[in-house]
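Asks: what shape does this take:
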Amino acid sequence: MALAVAVIAAAATHLPVCDALFGCGCRWFFLGGSAHCNIHHAAPPHCPICADRVLGMSFTVGLNVAWFALVRLGQRLLPR
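Replies: Next up, the predicted model:
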């Protein structure tokens, strides 16, 4: 259950976190998602997450791990 919540949270927050870190123009998926990302501009600078597959995949995995850790921490701190 914790893994599913973490994956959903990471998928929902991936683009806004990307924009918060790099100012690339990515938005929430329901507000256009990556359609506004500077990767679509001809001239640099380009978003490093969108421009480099390895870095993008690493960022996604790291975000999933962070959300999973937060969910597990929440499970441990909340009374049952």
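
Asks: contact partners of the helix ranked longest in the chain?
Replies: When the chain is parsed with DSSP state H, its longest helix is helix 53-77. The contact list for helix 53-77, computed with C-beta atoms under 8 Å, 6 or more residues apart in numbering, reads 2-3, 5-7, 9-10, 13-14, 17-18, 48-50. The way it works is simple: take the backbone N, C-alpha and C, and place the C-beta from them, glycine included.

Asks: find the centremost residue of the chain, please.
Replies: Nearest to the mean C-alpha position of the chain, counting by C-alpha atoms, centre = their mean, stands His14 at 1.7 Å.

Asks: tell me which element it is part of?
Replies: Assessed by DSSP states H and E, His14 sits inside helix 2-22.

Asks: farthest-separated two in the contacts of helix 53-77?
Replies: Ala2 and Pro48 (29.3 Å; C-beta to C-beta).

Asks: and the helix holding His14, what does it pack against?
Replies: With contacts taken as 3 or more C-beta pairs under 8 Å, 6 or more residues apart in numbering; DSSP states H and E, helix 2-22 sits against helix 48-51, helix 53-77.

Asks: buried ones in the shortest one, by neighbour count?
Replies: Residues of helix 48-51 classed as buried by neighbour count (16 or more other C-beta atoms under 10 Å): Ile49, Cys50.

Asks: quick one: average pLDDT of it?
Replies: Per-residue pLDDT over helix 48-51 has a mean of 92.

Asks: what helices or strands is that helix leaning on?
Replies: Secondary elements touching helix 48-51 (3+ C-beta pairs under 8 Å, 6+ apart): helix 2-22, helix 53-77.

Asks: include distance to Gly32 when you put these into CSV, please.
Replies: As requested, the helices and strands packed on helix 48-51 are arranged in CSV below (distance: least, C-beta to C-beta, whole Å):
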stretch, distance to Gly32
helix 2-22, 9
helix 53-77, 19
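
Asks: mind checking which of the ones you listed is nearest Gly33?
Replies: Per C-beta to C-beta, nearest to Gly33 of those: helix 2-22, 5.7 Å.

Asks: buried sites along that closest one?
Replies: Val5, Ala6, Ala9, Ala10, Thr13, His14, Leu15, Val17, Cys18, Asp19, Phe22.
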